[in-house]
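Novice: Here is my input, please return the structure:
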Amino acid sequence: MNERKDLDGLVRLIRTELLPLSYSTETDDPTVIRSLPGRFRDGRTIVAAAGKKGEPAGFVHYQFLQGILHIDMLAVHRDCRNAGVGGSLMKQAEAAGAAEGCVLALLFVDDANDKARRFYERIGYEPVRHHESYRVTELFKPL
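Specialist: Numbers count the residues shown, from 1 in each chain. Now for the predicted structure:
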């Protein structure tokens, strides 16, 4: 896939799988959508797809910040859930963080996303604190 097509597929996943669960962002918020290319440039992204020309089944976007692996976004297409895609993406991101010397992984999950919270807890993430004004919970995992 080419970079533009990849980005379009990732934006579709964000619109359908992440934004509907966000308290602070509307699904078609033009400011958020316009900010995504820069956001992707500021970190690393691993994409899971069905073959070289298939649509993205999921992706994880992350950054390394002061010895911490910050998981910015994880999205898996609803038709690909419970097939190991999210777990595989997270393992790859965590391995990349460990290789960079990160000792901790950190992420935020929206309060409305109970399935994601349970998924993260199953793979070893623990809640650290709740941010009521954003309606998210911060979770961490030692690497």
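Novice: the bottom helix or strand of this structure by mean pLDDT?
Specialist: Ranked by mean pLDDT, DSSP states H and E, the helix or strand of the chain with the weakest confidence is helix 3-13, at a mean of 77.
Novice: Would you mark the buried spots in it?
Specialist: Burial within helix 3-13, assessed by neighbour count using 16 or more other Cβ atoms under 10 Å, is assigned to 6-7, 9-11, 13. Heads up, the C-betas are built off the backbone N, CA and C, glycines and all.
Novice: Can you tell me the SS state at residue 101?
Specialist: coil (DSSP: H, G, I helix; E, B strand; the rest coil).
Novice: quick one: contacts of the least confident helix or strand of the chain?
Specialist: 1, 33, 36-37, 40, 45, 47, 49, 55-56, 58-59, 75-77 (Cβ atoms under 8 Å, 6 or more residues apart in numbering).
Novice: Pick out whichever of the buried residues of helix 3-13 sits closest to residue 125.
Specialist: residue 13 (20.8 Å; Cβ to Cβ).
Novice: Secondary structure class of residue 20, three-state.
Specialist: Taking three-state DSSP, the label given to residue 20 is helix.
Novice: separation between it and residue 101?
Specialist: Distance, residue 20 to residue 101, by Cβ to Cβ, to the nearest Å: 36 Å.
Novice: If you count surrounding residues, which of these two has more?
Specialist: The residue with more neighbours, out of residue 20 and residue 101, is residue 20; 13 against 10, by other Cβ atoms under 10 Å.
Novice: Verify the contact between residue 128 and residue 142 for me.
Specialist: No - judged on Cβ atoms under 8 Å, residue 128 makes no contact with residue 142 at a distance of 11.9 Å.
Novice: circling back to that earlier point, selection in ChimeraX covering whichever of the contacts of helix 3-13 are buried, please.
Specialist: Here is the ChimeraX command that selects the buried residues among these (16+ other Cβ under 10 Å):
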select :1,36,40,45,47,49,55,56,58,59,75,76,77
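Novice: among the contacts of helix 3-13, which are in strands?
Specialist: When those are checked against strands (DSSP state E), the matches are 45, 47, 49, 56, 58-59, 75-76.
Novice: Any regions of this protein where pLDDT drops low?
Specialist: 1-5, 23-29, 51-53 (pLDDT under 70).
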